[in-house]
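[1] Return atomic coordinates for the entry below.
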Amino acid sequence: MAQRLTQVEGTPAASPEARVPTDAQAIRSLANPAARPVPIENLYYTRSVFGAAWSPDGRQVVFTTDMTGRLNLWKVRAAGGWPVQLTQSDDVQSGAVWSPDGKWILFQQDHGGNELYDVYAIPSEGGPIVNLTNTPKIREGGARWSPDGNTIAIFIKPESATVYNLALIDWRTHAVRYLTNETTEDHNWSFVAWSPDGKTVYANRGEISFTDADVYSIDVATGKTRNLTPHEGKVVSNATSLSPDGRTLLVTSNAKNGYQNVALLDVATGKRTWVTDVKWEAGSQDFSPDGRSFTYTINADGRLDAYLADRATGTATRVAVPEGLNYFDGSPTAFSPSGDRLIVSHQSSTQPSDLWIYDIRTRVPRQLTVSAVASLHATPLPMSQLVHYKTFDGKIISALMWVPFNLQRDPSNPAIVLPHGGPTGQMVDYWNTDVTALVSRGYIVIAPNVRGSTGYGIDFQRANYQDLGGGDLQDEVYAARFLESTGYVDPKKIGIMGGSYGGFMTLMAVGKTADVWAAAVALYGIIDWRTMLKFSDPVLQQYVRALLGDPEKDAGVYDAASPIKYIRNVRAPLLVLQGENDPRVPKEEAQQVVDLLKQDGKTVDVHYYPNEGHGFAKRENQIDSITRSIEWFDRHLKSRNPTP
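    Alright, predicted model coming up:
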């Protein structure tokens, strides 16, 4: 039986309850004579790097990067060297995983951002690509090989379905067989691991609201399931890894105190042995190949540390990579096959994401990829600051804030409030190209984690249920007030910009609290939750119902939460940016916004991006999007006579 583990270093000293408001007058703009606007091309020619996977011999790593301006698969020697492009496509390719014999690599790819992924295979040394599923109206992905390499587990969802199931692909015939058959409209299955003998699959089954989930074992031959974490009420338990002996699952659960913590789950008895006891957000990761150690992360107020735990000694050590946003990256595991190295993803507010190789014996990290273009290293970039402020009802809100260099402390500077996506999500301290572009051009930026955000316990996560655009919008407004209280910001030069739920929040803000904002940019934002239910992906329709209730019984909730109710109050000039193939927030949402504001003679502009989905994946569109946004804010916030 695994013993209880304790953190011996790197433990967050505080909890969400221990936060206190930041003294706004303590916020400073540092002097730096070398500061200058970062060229847009330098930012967006800096690559994204993610989705790593070890080769079975531990000599190579495959990953996804947009080195060419498209997110394709590349390989690099684990010892270092120049990467080699493995695949080429205009569409996003991700989720790479090597076959047990090392001869093939699986991945998923959609079409023009429509998120209807197929599962593909390519010889690991390059060659013709094989589409294993070839189903234009079905979404498949998340491929994981069985131990013998004969079967592939995937997630699967027909375009019109409201839930994800698990299925198995026969590697030889490519035949697909459903492993689960979800009977509800609001629970999804996700794969965790194969048992060592390949006879059992371990999986998570979770409610669409992210407030209830359980871990299951599934008999591969019969499909019979067993719930390993039965409970009463709403509790989240999700497994991430199975020990090599098949006896223990590594689990993230909020069953202990309402906050995410890590536990070891005995497969036979269902008994949990808690690893962490924190009130931040701990997340389980992987077992080592010998089962003697495992990994997890702790997200403390939007900054992540990565930990390596030793089961024999009962200690856990923070992985020694630079501070920032650090987590383990690897499919199906971050551990090398020999167990002597780990792949760690590192980034920060001033450092783009890269893969690092961490030597477990020497505790020395080595950077594997270099994503930044050279000129970024010579450009001063202000670091993010973690701030806290009281909102309208006394709650403490956390936010990341960026202050440009060389500002005078006088109320003359423009600022942007940046709502995050979700709403079940969190703004973390990652490399944000949009923020860097804005801040280096003189904009103070603040990104609040308003009520409804993850990372602060389940009660805070649920605090905006049936109140979208209510208390959470006031949390954004109070972020603007905090900006003003620093003494740096002109209250008539505050803009707002966000995508997805952040786009919804932007539209709600400029309509419902019109006097606060001087300009706005809404990226793929929701204008009417009823039309979202009509046109969006069926899974998201269930998610909306989980947040707002039944559209008939709770009609008043839907009306109050829809920006369309307030949009004619808009005073701020509004720029709308939208992907034409977006399956989550369809183009119809943007069209409604623009049509209504044009009818009223308001200042509004719109641009649609062909062959883009929810977010812009193609480099030229990313550059165009931020260029339009900066020009919009320059015109309406930096002018001598800003819009009142």
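[2] And the nearest residue to Ile129 once chain neighbours are set aside, how close does it get to Asp186?
    Leaving out its chain neighbours, the residue that sits closest to Ile129 by C-beta to C-beta, 6 or more residues apart in numbering is Ile122, at 4.9 Å. Bear in mind the C-beta positions are built from the backbone N, C-alpha and C, glycine included. Applying C-beta to C-beta, to the nearest Å, the value for Ile122 to Asp186 is 36 Å.
[3] likewise Asp550?
    Counting by C-beta to C-beta, the gap from Asp550 to Asp186 is 12 Å.
[4] neighbour-wise, which of these two wins?
    Asp186 (18 against 10; other C-beta atoms under 10 Å).
[5] So that one sits against Gly206, correct?
    No - at 9.6 Å, Asp186 does not count as touching Gly206 under the criterion of C-beta atoms under 8 Å.
[6] where does this structure dip in pLDDT?
    Within the chain, the segments meeting pLDDT under 70 span 1-13, 640-644.
[7] rerun at 90
    Scanning the chain for pLDDT under 90 picks out 1-15, 257, 312-314, 320-324, 374-379, 422-423, 533-536, 582, 639-644.
[8] Pick out the residue closest to the middle of it.
    The centroid of the chain falls nearest to Gly425 when counting by C-alpha atoms, centre = their mean (7.2 Å).
[9] So that residue sits against Ser453, correct?
    Yes - using C-beta under 8 Å, Gly425 is in contact with Ser453, at 6.7 Å.
[10] so who does the residue nearest to the centre of the chain touch?
    Neighbour list for Gly425: 453-454, 501 [criterion: C-beta atoms under 8 Å, 6 or more residues apart in numbering].
[11] Now the terminal residues of stretch 227-245, how far apart.
    End-to-end distance of stretch 227-245 (C-alpha to C-alpha, to the nearest Å): 20 Å.
[12] List of residues touching that stretch?
    Applying C-beta under 8 Å, 6+ apart, the set of residues contacting stretch 227-245 is 190, 192-196, 202, 204, 206, 210-217, 248-255, 260, 265, 267, 270, 283-287, 289-291, 294, 333, 458.
[13] Give me the subset of the residues you listed lying in strands.
    Among these, the residues falling in strands (DSSP state E) are 190, 192-194, 202, 204, 206, 213-217, 248-253, 265, 283-287, 294.
[14] ok, the residue nearest to Ala334 when sequence neighbours are not counted - how many residues close by?
    Spatially, and ignoring its direct neighbours in sequence, Ala334 is nearest to Phe328 (3.6 Å; C-beta to C-beta, 6+ apart). Other residues near Phe328 come to 24 when the count uses other C-beta under 10 Å.
[15] what residues are up against Phe328?
    Contacts here follow C-beta under 8 Å, 6+ apart; on that basis Phe328 touches 285-286, 295, 297, 306, 334, 342-345.
[16] In the beta-sheet assignment, what are the partners of it?
    For Phe328, the beta-bridge assignment (DSSP bridges) gives partners Val344.
[17] how about Met505, secondary structure?
    Secondary structure, DSSP: H, G, I helix; E, B strand; the rest coil: Met505 is helix.
[18] how about the helices in the stretch 501-644 of the chain?
    For the stretch 501-644 of the chain, helices defined by DSSP state H, counting those that start in this stretch occupy the ranges 501-512, 529-535, 538-548, 555-561, 587-599, 619-637.
[19] So in that sheet, which strands flank the longest strand anywhere in the chain, and in what orientation?
    The residue-count maximum for a strand in the chain (DSSP E) belongs to strand 489-499. According to DSSP bridges, strand 489-499 has the following sheet partners: strand 413-417 (parallel), strand 519-523 (parallel).
[20] Other residues contacting the first one?
    This means strand 413-417. 404, 407, 438, 442-448, 476, 479-480, 483, 488-490, 493-497, 509, 633, 637-638.
[21] What of stretch 535-550?
    115, 157, 159-164, 185-186, 188, 207-209, 423, 464-466, 468, 529, 532-533, 551, 554, 557-558, 561, 583-586, 588-589.
[22] out of those residues, which are buried?
    115, 157, 161-164, 186, 188, 207-209, 423, 464-465, 468, 529, 532-533, 551, 557-558, 561, 583-586, 588-589 (16 or more other C-beta atoms under 10 Å).
[23] OK, contacts around the nearest residue to Pro158 once chain neighbours are set aside?
    Of all residues not flanking Pro158 in the chain, Ile138 sits nearest, at 5.1 Å (C-beta to C-beta, 6+ apart). Listed by C-beta under 8 Å, 6+ apart, the contact partners of Ile138 are 116, 156-159.
[24] now, which of those residues lie within strands?
    Using DSSP E, 156-158 are the members of the contacts of Ile138 that sit in strands.
[25] Thank you, goodbye.
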